[in-house]
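>>> sequence plus the predicted model coming up.
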Amino acid sequence: MKDEKKNGRFPQYYKTGVIILALFLLYAYGLQVTKVNLEEPLEPQRQENLVSLIRSFARPDIFAYETETRRTAVSLRMPCPETIRGSQVSIEGRQLLMVPNCATTTQDPITITGSGFLPNAEILVAWTPLGSTSTRRLADFKASDTGDVSITFTMPDIRPSEEPQAIELVEVVDRNIVGLSDTTYEALDKIVETVLMALMASTIGTLLSIPLSFIAARNLMQNVKAPMTGIMSGIILLPVLGGGAFWIGQQLVRPILSLDGTFLPALQTSLEALGFVGNFIFVLIELAFLLLPLTLGGLGAFVATSIGSRFGQQVTMRAPATTVRILTFVTTLVGTAVLFILLALALVWVNVLGIREFVPEGGWAQLGLFLWPGLVLGLIAALLTLRAPAKHHYPIGLVIYNATRTIFNAVRSIEPLMMGFVFVVWVGLGPFAGIMALTLHSMADLGKLFSEEVENIDEGPVEAITATGANQLQRIVYAVVPQVTPSYIAYIFYRWDINVRMSTIIGFVGGGGIGFVLQRNINQILYTRASVMVIAIAIVVIVLDNISARVRSRII
Amino acid sequence: MLKIQNLTKVYEDGTVALKDVSFEVPDGEFVAVIGLSGSGKSTLLRCINRLIEPTSGQIWWNGIELSEVSGEELRRARRQIGMIFQHFNLVNRSSVLTNVLSGRLGYTNPLASILGRFPEADIKRAHASLARVGIDDKADNRADELSGGQRQRVGIARALMQEPKMILADEPVASLDPALAHSIMRHLQQINKEDKITVLCSLHFLDLVQQYSTRAIALNQGKLVFDGTPKEINDEKFIEIYGREAERIG
Ligand SMILES: Nc1ncnc2c1ncn2[C@@H]1O[C@H](COP(=O)(O)OP(=O)(O)OP(=O)(O)O)[C@@H](O)[C@H]1O
Ligand SMILES: [Mg+2]
């Protein structure tokens, strides 16, 4: 009834008309904003530019040539004597006539005509100024089908002399490919770098994303619940154990990594004997040292949360309700305060909205500032726990799930090219920055795709494995992994394809690989070289597409 | 001894699947759980091993309050309760042997099992379990290469690996033809008699109930409406359990 009335008042065609009008206005405005201009591309100068670009790209600088040439010289006077004449030469069946045979200004046109050259020969008009060693190129052209030549040029500058000077027609008699050009070698070098960048980023990104994908899967996380005492004890222990372990790690590696330390340089020199394998081992060892504080910190955090949750579980199960209530109250108060203070310190460190201006310097002073607000917040949270039953289990799994998902989505939405820019600022120009950008993006992208696969599995086996008394990790390995393996493999190949493509252009922001060279060539208007890079990229992408399609069809 | 007191389950959407259900099962019984579709049979069985969280009420089993334990203790309790499913719930892409071995996960060293390593004794036990249900020759096949009846036997072998004191079977024969149904039921009966394992088994056909169970409990819209021997299900009780429109065929 209601709908009928509505349709009566706003007939369908009226609505359609409004929509069409709105779209019309939208596109009209879009045209203006995007500066679509149909005359510009048709201007002769623009068209000439385009043609020269296309022709340069069509002549990639792939090979190195050795040319065999034949020279025909004719003499020129500068400046012109009183009587102006032509010069005539005849050598080995080649006739040349240059009119006039002199130049006084750079505007004077000089015309050479002749015959007896090789049909269609490439000819360069060259001038070696008297007393100079370098040859200057005046013009180049081609002989006709019948070997006739005709060219008009002007002198680029006037070098007066008593003697006549030689103008030479350098004719290409033969051209031999003697190998690949330097450009091609550079392209090969860089394309290997590019492919390896993609390989490293795909591998590390995949390794990181697999464990994260299980945390980001709703069906695995929604049943992870814990009593508030457990959650809060974990949070309280987190800075103590996690931070402590991180600090210990730093103390351990400091003497090894310090600048005047001799251990690493000595190790590097001794490993250098093994070439790139030695370098690889060295980088791995260095990485292990660099990551030691982080690893220990992570381990400490893991221990903190597991001790916390175990403690919470035991207490909640065994202790009487009042004890549980009191413990929940106290841990929530302290835990919320700790969480608040940690977050506040982090925000101050990042200097969100210029907050550093308003807080005192130094960690302890800042801690003092945030202590009371933290405790007040903690008290509010603790009072809120009284509303729930004493032994209530809170869905901490869903909180972790949502946090991970949000991070994945945020990171995925940033283009790797922009991340590359950030990493170039941090670690400097070169492939390392590119690898880091692609790794981060791959991790988030695969993490999201993987976790969606996990959410789509058949829950039956998970239920069955749970019923055998398996723990979460066993459940994942025995019930989830077998179900998601084929699609994980498909996604890894899909991502590898993307990473190869991305790594070819991440160099545009300084991230290394062939894109770096390509951009340089384009900026220097070396289009015949840029063309080689583009061809190399195309070949690699096509070949790897094919290989991955083949491997994929074999595995799945 | 399993003792269920005032068990109630209300799903998040407000559906009351179990309403104040209480009963006891002495060790060694073969209890059939009957009732119309949607009456709460699956919910009841899953509440016992806590695949579903009960809303209120207690579940006691051999001195443990199953409805209260969590974490490690819950896993310890679960590993002594085998479960068999209507749709078998095997991991299709894994081998039959791996499926059976996974019944052992509650006992093995977690780290070793994650790396796929099981003690020699468990592997022997797995073959013995498969032999007991008559399909040891299929140990190396992938689970999805088996027929329905064979898959359910793998399900039973997996449950046997747990050395269970009780088996929960949720309509174990509902997706099988009558001949296979009897063979699976006989396996369950044999396990119940020889190993003294308590069996709680939801069933749709009264003839199966009469033939295999020592006792029956019935649910109707989440309420316990019958508790007694299968022979006691007379026409009057039948209407109470299945409603007036149902027609007795068993
Ligand atoms: N996850 C769920 N969320 C909400 N309601 C549910 C859920 N699972 C089951 N129910 C409802 O609870 C009631 C009992 O369902 P249950 O699966 O236990 O019945 P059943 O006796 O096993 O039925 P069947 O014989 O068809 O298997 C039904 O009304 C069902 O719709
Ligand atoms: Mg059911």
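Sure, I can see it. Ligands and ions are numbered 1, 2, ... in the order given.
>>> what is the neighbour count of A:Leu252?
14 (other CB atoms under 10 Å in any protein chain shown). For glycine as for every other residue, the C-beta is placed from the backbone atoms N, C-alpha and C.
>>> quick check: closest non-adjacent residue to it.
A:Leu292 (6.4 Å; CB to CB, 6 or more residues apart in numbering or on different chains).
>>> pLDDT score for A:Ser553?
At A:Ser553, the pLDDT value in this model is 81.
>>> surely it forms part of a strand?
No. Using DSSP: H, G, I helix; E, B strand; the rest coil, the assignment for A:Ser553 is helix, not a strand.
>>> going by residue numbers, what spans are helices in the stretch 201-350 of chain A?
A:218-221, A:228-237, A:244-257, A:263-272, A:276-318, A:321-350 (DSSP state H, counting those that start in this stretch).
>>> could those go into JSON lines alongside mean pLDDT?
Listed next are the helices of the stretch 201-350 of chain A as JSON lines, based on pLDDT from 0 to 100:
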{"stretch": "helix A:218-221", "mean pLDDT": "92"}
{"stretch": "helix A:228-237", "mean pLDDT": "92"}
{"stretch": "helix A:244-257", "mean pLDDT": "85"}
{"stretch": "helix A:263-272", "mean pLDDT": "77"}
{"stretch": "helix A:276-318", "mean pLDDT": "87"}
{"stretch": "helix A:321-350", "mean pLDDT": "91"}
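>>> touching chain B at all, whatever helix or strand A:Thr485 lives in?
Element membership of A:Thr485, judged by DSSP states H and E, is helix A:481-505. Yes. Contact between helix A:481-505 and chain B, assessed by CB under 8 Å from any CB of the partner chain, occurs at A:Pro482, A:Gln483, A:Thr485, A:Pro486.
>>> just to revisit the earlier point, right, so the helices of the stretch 201-350 of chain A: which one is the most enclosed?
helix A:228-237 (a mean of 25; mean count of other CB atoms under 10 Å in any protein chain shown).
>>> tell me the angle of it relative to helix A:321-350?
Interaxial angle of helix A:228-237 relative to helix A:321-350 (axes from the mean of the first three to the mean of the last three CA atoms, to 10 degrees): 40 degrees.
>>> would you mind listing what in chain B touches ligand 1?
Residues of chain B that fall close to ligand 1, judged by CB under 6 Å from any ligand atom: B:Tyr11, B:Asp13, B:Thr15, B:Ala17, B:Gly35, B:Ser37, B:Gly38, B:Ser39, B:Gly40, B:Lys41, B:Ser42, B:Thr43.
>>> show me those that map onto strands.
B:Ala17, B:Gly35 (DSSP state E).
>>> and stretch A:506-526, how far apart are its ends?
20 Å (CA to CA, to the nearest Å).
>>> please enumerate the strands of chain B.
For chain B, applying DSSP E gives strands covering B:2-10, B:16-25, B:30-35, B:56-61, B:64-65, B:81-85, B:166-170, B:198-202, B:215-220, B:223-228.
>>> OK, contacts around the residue of chain A at minimum distance from ligand 1?
Closest contact between chain A and ligand 1, by CB to the nearest ligand atom, is at A:Glu459 (10.7 Å). Residues in contact with A:Glu459 (CB atoms under 8 Å, 6 or more residues apart in numbering or on different chains) are A:Asn219.
>>> which pLDDT value belongs to it?
The per-residue pLDDT reported for A:Glu459 equals 95.
>>> cool, and B:Leu130?
Reported pLDDT for B:Leu130: 96.
>>> picking up where we left off before, redo the helices of the stretch 201-350 of chain A as CSV? Include distance to A:Arg552.
Formatted as CSV, the helices of the stretch 201-350 of chain A follow (distance: least, CB to CB, whole Å):
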stretch, distance to A:Arg552
helix A:218-221, 26
helix A:228-237, 42
helix A:244-257, 41
helix A:263-272, 37
helix A:276-318, 28
helix A:321-350, 42
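>>> what about these, which gets the closest to A:Leu50?
With CB to CB, the closest approach to A:Leu50 among these belongs to helix A:276-318: 43.7 Å.
>>> give me every residue in the stretch 401-550 of chain A lying close to chain B.
Near chain B, when you scan the stretch 401-550 of chain A using CB under 8 Å from any CB, you find A:460-461, A:463-471, A:473-474, A:477-479, A:482-483, A:485-486.
>>> now, which of those residues lie within helices?
A:460-461, A:463-467, A:473-474, A:482-483, A:485-486 (DSSP state H).
>>> now for those: which two are most distant?
Every pair of these checked by CB to CB; the farthest is A:Ala467 and A:Pro486, at 25.5 Å.
>>> okay, these two: which has more neighbours?
The neighbour comparison of A:Ala467 against A:Pro486 (other CB under 10 Å) goes to A:Ala467, with 26 against 14.
>>> in this structure the more buried one contacts B:Leu51, no?
Yes. Counting by CB atoms under 8 Å, B:Leu51 is a contact partner of A:Ala467 at 6.2 Å.
>>> buried residues in stretch B:211-218?
For stretch B:211-218, burial by neighbour count (16 or more other CB atoms under 10 Å in any protein chain shown) applies to B:Tyr212, B:Ser213, B:Arg215, B:Ala216, B:Ile217, B:Ala218.
>>> other residues contacting that stretch?
Contact with stretch B:211-218 is made by B:23, B:25, B:29-35, B:185-186, B:188-189, B:201, B:203, B:209, B:224-230, B:233, B:237, B:240-241, as judged by CB under 8 Å, 6+ apart.
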